[in-house]
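> After the sequence you'll find the predicted model.
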Amino acid sequence: MDQDCLQAILAYTHDAGQKKGSLYFELNNCLRERSPEGRAGLMRTWGDFMHYFLKGLSKLEPASGVVYRGLPEKDAVIAQYKLGRPIQWGAFSSTSRAKEVAKKSFAGDKHSAIILKITITSGRRLGPLSFFPKEDEILLSPRCRFVVSSLPYVEDGYTYLDMVEQKGELFVF
């Protein structure tokens with residue numbers, strides 16, 4: 001992998017302790033923008049970075065199997081993520097093979113959080129290149145699509161919801 005691609009991946013994983021201003025946070029906010037002006041701004045601001053970032057990701061070890069993603073707003077997720085519902089986040093999404101990482105790094109309070117248990121086929125393993133290699137981060141592309149495959153259930157004091165990555169055509173809006 002060339003230096004430009006490596007530096008793009010390292011920059012994405014860097015976290016200075018707060019979301020606002022962090023590269024991953026600002027990039028993902030722009031990726032969620034759907035207006036024509038927002039999309040044009042995304043290309044102007046992030047086009048060169050995305051070239052090297054995506055090229056670098058394509059060189060990383062693919063990851064499949066079960067990963068976990070913690071979300072702090074359990075009630076909102078349960079209200080929207082119904083059994084059989086297709087889901088596509090539209091931004092890069094960090095997950096981990098380690099359930100404890102999802103609990104500590106992403107979920108927050110166990111009473112108001114939810115852990116997504118996701119069976120994936122197309123993740124990319126950032127772990128060795130990450131500023132936080134012990135998190136064993138598996139990055140999911142904005143193109144990943146999922147289907148909710150379980151009702152919420154409680155295990156080890158946390159609420160869980162299962163999802164499975166889908167293959168095929170992207171959603172059409």
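Perfect, thanks for sending it.
> Find me whatever residue is spatially closest to the most centrally placed residue in the chain, sequence neighbours aside.
The chain has Ser93 as the residue nearest its centroid, 0.9 Å off, counting by CA atoms, centre = their mean. Nearest residue to Ser93 in three dimensions, chain neighbours excluded: Leu140, at 4.3 Å (CB to CB, 6 or more residues apart in numbering). C-beta: built from backbone N, CA, C; applies to glycine.
> Give me the domain ranges for the chain.
1-59, 62-173 (automatic domain parsing).
> thinking again about what came up before, how close does the residue nearest to Ser93 get to Val67?
According to CB to CB, to the nearest Å, Leu140 stands 8 Å off from Val67.
> Could you check which of those two is surrounded by more residues?
Val67 (27 against 22; other CB atoms under 10 Å).
> and that one, how far is that from Ala91?
Applying CB to CB, the value for Val67 to Ala91 is 16 Å.
> which residues sit in contact with Arg69?
Taking CB atoms under 8 Å, 6 or more residues apart in numbering, we find Arg69 in contact with Ser93, Ser94, Thr95, Ser96, Ala102, Phe106, Ile115, Leu116, Ile118.
> Try it again at 10 Å.
Arg69 is in contact with 89, 93-96, 101-102, 105-107, 114-118, 138, 140, 163, counting by CB atoms under 10 Å, 6 or more residues apart in numbering.
> Alpha carbons of the least confident helix or strand in the chain by mean pLDDT, as PDB, please.
One helix or strand of the chain scores below all others by mean pLDDT, DSSP states H and E: helix 23-31, with a mean of 86. C-alpha atoms of helix 23-31 as PDB (Å, rounded to 0.1, in the frame of the first residue of the first chain):
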ATOM      1  CA  LEU A  23     -11.900  13.600  10.300                       C
ATOM      2  CA  TYR A  24     -14.100  10.500  10.500                       C
ATOM      3  CA  PHE A  25     -17.000  12.500  12.100                       C
ATOM      4  CA  GLU A  26     -16.900  15.400   9.500                       C
ATOM      5  CA  LEU A  27     -16.500  13.000   6.600                       C
ATOM      6  CA  ASN A  28     -19.400  10.900   7.700                       C
ATOM      7  CA  ASN A  29     -21.600  13.900   8.300                       C
ATOM      8  CA  CYS A  30     -20.900  15.000   4.700                       C
ATOM      9  CA  LEU A  31     -21.700  11.500   3.400                       C
END
